[in-house]
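# give me the fold of what follows.
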Amino acid sequence: MQPGASTGNPAAALPPDGLYFSVDTFVNNGSLRGDDGKRLKPAGRSINTMNIGVTPTLLWVPGWEVLGARYGMAVTQPYQHTETTGSEVTDALFNLILTPAILSWDLGNGLFVGAGMNIYAKTGDFDRYANEFWTFEPNLAVSYLGNGWNLTLNNTFDFNTKNEATDYQTGSFYYLDATATKRFGRWQVGAVANYTQQLEKDEQYGVKLDDSQVMHVMAGPYLSYDFDKFTVSARYLQNIHTENDMGVSFFHIGVGVPLYRPGK
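Numbering: from 1, shown residues only. Below is the predicted model:
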C-alpha cells in the first residue's frame, strides 16, 4: 500500500447506493534513506526517485446489508511512471487491486465503523513495477462525520506471500492514515497524515535481512471542492521521517464522479 493512500476519505463510511468512479493522480519525489533516517549515498551518490501515478477505481454500493452493515465492493488498477537514479525509466501497470468487501456500520450521531479487505492480485508488469506476489490487506476504520467534520482513523495491515521467483518474503506492514477536515459550503479543508511501520524484517533463503524494516511519517494539508456533478480534491503529504526506503513527499489530485445512483 502507498503510505497515505486513504487519507482524505471517510474510510469507515460508504457513499449512497450507486456506482462511482474516481481517479487519483500523484507526483512524488525523494531520496533513499537508511536505518537512521539519513540520506544514503551508495558509491558516494544519492539515489533519487520521481514517480507519477494514476489510480482509477470503480466502487459499487448495491444497497445490500451484511452483518448489519452497508456493503460495497471495488476494483482498482494503478499505473505508474518511474524515474530512479541508475535505473531505466519505466511505465507499467501495478498489481490489480480487488476489494470484494467493504462493510460500514452507522452507529448514529455521525459515528461510523468500517472494515474491508483488499487483495493485490499477482498481475501487472513484474519486470518493471508490479510485485510478483499476492498481498492481502484488511482494514479497520473509524469516522466521525457530524457537523461537517470528517475525522477519520484508518488502520490497515499488509500480509504478503513469498515471491517464488526470488524466494523473497516481504514482511507485513501496518499503516495508520489520519484525516481531519471541515466542510464550509462546497469547500472542505483540513489536514492529513500517515504513519507506516513494517512489522517484520524481510526474509530471503530463510535468512532475516537487517536494515529492511520500512518506516514513514508524513503530514500535510487537504482541500476539496464539490461541483455537484463531481468533486475535485488536492492533498500534500510532506515526508517528515523515513527509514529504509525512499523518503518521498506526495502531491495528489483526485476526481470523484457518481456514475449511477438509483432515483437520480
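# and the pLDDT for the nearest residue to Trp149 once chain neighbours are set aside?
Counting by CB to CB, 6 or more residues apart in numbering, the nearest residue to Trp149 once its immediate chain neighbours are dropped is Lys182, at 5.7 Å. For the C-beta atoms, the positions are set from N, CA and C on the backbone; glycine is no exception. Residue-level confidence at Lys182 comes out at 98, pLDDT.
# burial of Lys182, as a residue count?
Per other CB atoms under 10 Å, the neighbour tally for Lys182 reads 13.
# how near is it to Val66?
31 Å (CB to CB, to the nearest Å).
# what is Leu153 paired to in the beta sheet?
The residues listed as beta-bridge partners of Leu153 by DSSP bridges are Val142, Ala178.
# contacts only, for it.
Neighbour list for Leu153: Ala141, Val142, Leu176, Asp177, Ala178 [criterion: CB atoms under 8 Å, 6 or more residues apart in numbering].
# one more time with 10 Å, if that's ok
Ala11, Ala12, Leu140, Ala141, Val142, Ser143, Tyr144, Leu176, Asp177, Ala178, Thr179, Ala180 (CB atoms under 10 Å, 6 or more residues apart in numbering).
# on that earlier part again, so which strand or helix has the residue nearest to Trp149?
Following DSSP states H and E, the helix or strand that holds Lys182 is strand 173-184.
# who are the packing partners of that strand?
Other helices and strands packing on strand 173-184, by 3 or more CB pairs under 10 Å, 6 or more residues apart in numbering; DSSP states H and E, are strand 135-144, strand 149-160, strand 187-198, strand 215-226, strand 231-243.
# 8 Å - rerun?
With contacts defined as 3 or more CB pairs under 8 Å, 6 or more residues apart in numbering; DSSP states H and E, strand 173-184 has these neighbours: strand 149-160, strand 187-198, strand 215-226.
# will you turn those into CSV that also has distance to Val75 and mean pLDDT?
Converted to CSV, the helices and strands packed on strand 173-184 look like this (distance: least, CB to CB, whole Å; pLDDT from 0 to 100):
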stretch, distance to Val75, mean pLDDT
strand 149-160, 18, 98
strand 187-198, 24, 98
strand 215-226, 23, 98
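# let's have those strands in JSON lines, adding distance to Gly108.
JSON lines is the format used below for these (distance: least, CB to CB, whole Å):
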{"stretch": "strand 149-160", "distance to Gly108": "15"}
{"stretch": "strand 187-198", "distance to Gly108": "23"}
{"stretch": "strand 215-226", "distance to Gly108": "25"}
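# how about the ones you listed, which one is nearest Ser87?
Minimum separation from Ser87 across the helices and strands packed on strand 173-184 (CB to CB) falls at strand 215-226, 21.3 Å.
# next, the angle from that closest one to strand 173-184.
With axes from the mean of the first three to the mean of the last three CA atoms, to 10 degrees defining the directions, strand 215-226 sits at 30 degrees from strand 173-184.
# could you number the chain from 20 rather than 1 from now on?
Okay, residue one is now 20; in that scheme the one you just asked about reads as strand 234-245.
# direction included, what does strand 234-245 pair up with?
strand 206-217 (antiparallel), strand 250-262 (antiparallel).
# who's in contact with that strand?
Contacts to strand 234-245, defined as CB under 8 Å, 6+ apart, come from residues 22-23, 26-27, 198, 200, 205-217, 250-264, 266, 268-269, 273.
# show the end-to-end separation of stretch 175-189, please.
Its first and final residues considered, stretch 175-189 spans 16 Å by CA to CA, to the nearest Å.
# contacts for it?
20, 25, 145, 150-158, 190-196, 221-224.
# change it to 7 Å
20, 151-158, 191-194, 221-224 (CB atoms under 7 Å, 6 or more residues apart in numbering).
# check contacts around Phe45.
Phe45 makes contact with Gly72, Phe269, Phe270, His271, according to CB under 7 Å, 6+ apart.
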